[in-house]
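Asks: this one's structure only:
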Ligand code: HEC
Ligand code: HEC
Ligand code: HEC
């Protein structure tokens, strides 16, 4: 009986811990708890994909982006009015590297970053069925 209770308790703790991870990591479709996972921007246009894993594989350090270019909080950049292509072309945000030098230029390969509404729906299909855009 004692052993059984211990097993149940362990299982319960495991469940709770797993649950906490799901709640605290807002990362979409990523099992990597070390970085910010995969982020999908929807403002001002839907949708732009940013994958930590790809950028970490490039040998970048966290402080290549945090906190000078981006806060470690998804949704911060989207609150800024200047989170636009013009800023990228001016070397801000993603444009600090996506300038045709460190990484491919922001005025090329649009669809590498822009996955569009279809790409967004495909990614979010399971979680956000039936959700509609508020504006336009
Ligand atoms: C190439 C740039 C870049 C690098 C390198 C980078 N990040 Fe990020 N990170 C971002 C961007 C962009 C966001 C989203 C910021 C926003 O929405 O304003 C973000 C967001 C985050 C978040 C918030 C995730 C959430 O769910 O709110 C965490 C945590 C994070 N990063 C951790 C890290 C850590 C740890 C490293 C190093 C292992 C790292 N990042 C490296 C660009 C980067
Ligand atoms: C600190 C530098 C840095 C910043 C900031 C940065 N990137 Fe990158 N990114 C890179 C490098 C380096 C590569 C790989 C080289 C290349 O493809 O030109 C890359 C590659 C990519 C790729 C191509 C992935 C693939 O499948 O080949 C995408 C998409 C991308 N970045 C999106 C973004 C977005 C969106 C942002 C801003 C939210 C951003 N990056 C910010 C350095 C950066
Ligand atoms: C390196 C990644 C990257 C590339 C390449 C890129 N964009 Fe963007 N784009 C972004 C980000 C980040 C935003 C702001 C977030 C959002 O709107 O979801 C944005 C926003 C926009 C917007 C809305 C804001 C504005 O400036 O009016 C338009 C339109 C746009 N991009 C068009 C394009 C076109 C056209 C291309 C190719 C010529 C392109 N983008 C290439 C990352 C990129």
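Replies: Cool, got the structure. Remember, it's a predicted structure, so these values are computed and weren't measured experimentally. Residues are numbered from 1 along each chain as shown. Ligands and ions are numbered 1, 2, ... in the order given.
Asks: show the contacting residues for residue 106.
Replies: Contact partners of residue 106, counting by C-beta atoms under 8 Å, 6 or more residues apart in numbering, are 85, 88-89, 94-95, 98-99, 113. Just so you know, the C-beta spots here come from the backbone N, C-alpha and C atoms, and that holds for glycine as well.
Asks: repeat that for residue 87.
Replies: Residue 87 touches 93, 95, counting by C-beta under 8 Å, 6+ apart.
Asks: what about it, distance to residue 121?
Replies: Using C-beta to C-beta, to the nearest Å, residue 87 is found at 27 Å from residue 121.
Asks: and residue 42, what does it touch?
Replies: When contacts are counted by C-beta under 8 Å, 6+ apart, residue 42 touches 78, 120.
Asks: same thing with residue 122?
Replies: No contacts exist for residue 122 under C-beta under 8 Å, 6+ apart.
Asks: element containing it?
Replies: helix 116-124 (DSSP states H and E).
Asks: show the subsequent helix or strand relative to the helix or strand of the chain with the lowest mean pLDDT.
Replies: Among the helical and strand segments of the chain, the one scoring lowest on mean pLDDT, DSSP states H and E is helix 2-24, with a mean of 47. Scanning forward in sequence from helix 2-24 by DSSP H and E, the next helix or strand is strand 38-41.
Asks: quick one: buried residues of the very next helix or strand once past that next one?
Replies: With elements assigned by DSSP H and E, the helix or strand that comes after strand 38-41 is strand 48-51. Neighbour-count burial for strand 48-51 flags 48-51 (criterion: 16 or more other C-beta atoms under 10 Å).
Asks: just the closest of those to ligand 1, please.
Replies: residue 50 (4.9 Å; C-beta to the nearest ligand atom).
Asks: with that, I have no additional questions.
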